[in-house]
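Asker: Return atomic coordinates for the entry below.
(one chain, ligands or ions: 2)
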Amino acid sequence: MYKKGFTLIELLVAFLILTFIMIGFLRGVLTYIQFSLHTRLKDQASILLGQWTGYLNSLPYQTIQAITQNFNYPNGWNNVNCGVNTSFETADADADGIPDFYDPYNGNNNNFFNNQQNFAPWLFASPRNNPFLNSPPLQVQVGSRLVRVGITVAICRNQQNADVGRVFGVVAWYFSPIDNRYRSVNGIVVRAP
Ligand SMILES: [Ca+2]
Ligand SMILES: [Ca+2]
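Answerer: Ligands and ions are numbered 1, 2, ... in the order given. Now for the predicted structure:
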């Protein structure tokens, strides 16, 4: 005799379909959260880059000279040609495709996701070491992640070897919540007396 209602199999199938829909929905929500955090991190990196290049441009040259005086310049950065035919800006000692002047990690940057505080020794300023006073932050938290800033510095010299200025590399970076890979924006500031 035919009976109206659901059999156990029908209920099970309905339950399975509902579970798959829920999993798909949750995955969609998760992806949305990851992408929106990624966008916020990217925006914050651009903001910090703008704040730092503005700040470095605003400092009196005497201040810049004073704070960069006792730095133990790595990579020959105490003697660079800041003219058009310069190679210091493209040198890549750790061979990861990122010029060291804009590179906060010694080695492939994607490998530093689990070791994010292990900054390259050539950074002049980093979230661990800030030689600047009253400066923008070198680290900002966005959701569960951090955007960090690293700054390199080099001394420009002319053909007579005279000190003619300072050049700063500024990099703001984060690890993307989408794939945990390194992402960055960078800029350069040149200052002369
Ligand atoms: Ca590099
Ligand atoms: Ca690197």
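Asker: starting at the chain centroid, how far to the helix or strand residue 34 falls within?
Answerer: In this structure, residue 34 is located in helix 8-58 according to DSSP states H and E. With Cα atoms, centre = their mean, to the nearest Å as the basis, helix 8-58 stands 20 Å off its chain's centre.
Asker: ok, so what distance separates the residue nearest the centre of the chain from ligand 2?
Answerer: Nearest to the mean C-alpha position of the chain, by Cα atoms, centre = their mean, lies residue 173 at 0.9 Å. For residue 173, the distance to ligand 2 (Cβ to the ion, to the nearest Å) stands at 10 Å. Where you see a C-beta, it was placed from the backbone N, CA and C, and this is true even at glycine.
Asker: Give me the secondary structure label for the closest residue to that residue other than its chain neighbours.
Answerer: Excluding its sequence neighbours, the residue lying closest to residue 173 (Cβ to Cβ, 6 or more residues apart in numbering) is residue 184, at 3.8 Å. Using DSSP: H, G, I helix; E, B strand; the rest coil, the structure places residue 184 in strand.
Asker: and the gap between residue 184 and ligand 1?
Answerer: According to Cβ to the ion, residue 184 and ligand 1 sit 11 Å apart.
Asker: measure the residue nearest to the centre of the chain to residue 153 for me?
Answerer: In this view, residue 173 and residue 153 are 18 Å apart by Cβ to Cβ, to the nearest Å.
Asker: what about this structure, any weak spots by pLDDT?
Answerer: 1-3, 84-85 (pLDDT under 70).
Asker: Up against ligand 1, what does it have?
Answerer: 92, 94, 96, 98, 100, 103 (Cβ under 5 Å from the ion).
Asker: picking up where we left off before, for the helix or strand following the helix holding residue 34, which positions count as buried?
Answerer: Later in the chain than helix 8-58, the nearest helix or strand by DSSP H and E is helix 61-67. In terms of neighbour count (16 or more other Cβ atoms under 10 Å), helix 61-67 has its buried residues at 64, 65, 67.
Asker: Name the next helix or strand following helix 61-67 along the chain.
Answerer: Helix 61-67 is succeeded, C-terminally, by strand 139-142 (DSSP H and E).
Asker: Tell me which residue of the protein lies closest to ligand 1.
Answerer: Per Cβ to the ion, the residue of the chain with the smallest distance to ligand 1 is residue 103, at 3.8 Å.
Asker: how close does the residue lying closest to residue 181 once chain neighbours are set aside get to residue 184?
Answerer: Distance criterion Cβ to Cβ, 6+ apart; nearest residue to residue 181, sequence neighbours excluded, is residue 110 at 5.2 Å. According to Cβ to Cβ, residue 110 stands 12 Å off from residue 184.
Asker: between those two, which one's more packed in?
Answerer: Set residue 110 next to residue 184 and count neighbours by other Cβ atoms under 10 Å: residue 184 wins out with 19 against 13.
Asker: residues contacting the more buried one?
Answerer: Residues in contact with residue 184, defined by Cβ atoms under 8 Å, 6 or more residues apart in numbering, are 45, 98, 102, 104, 109, 171, 172, 173, 174.
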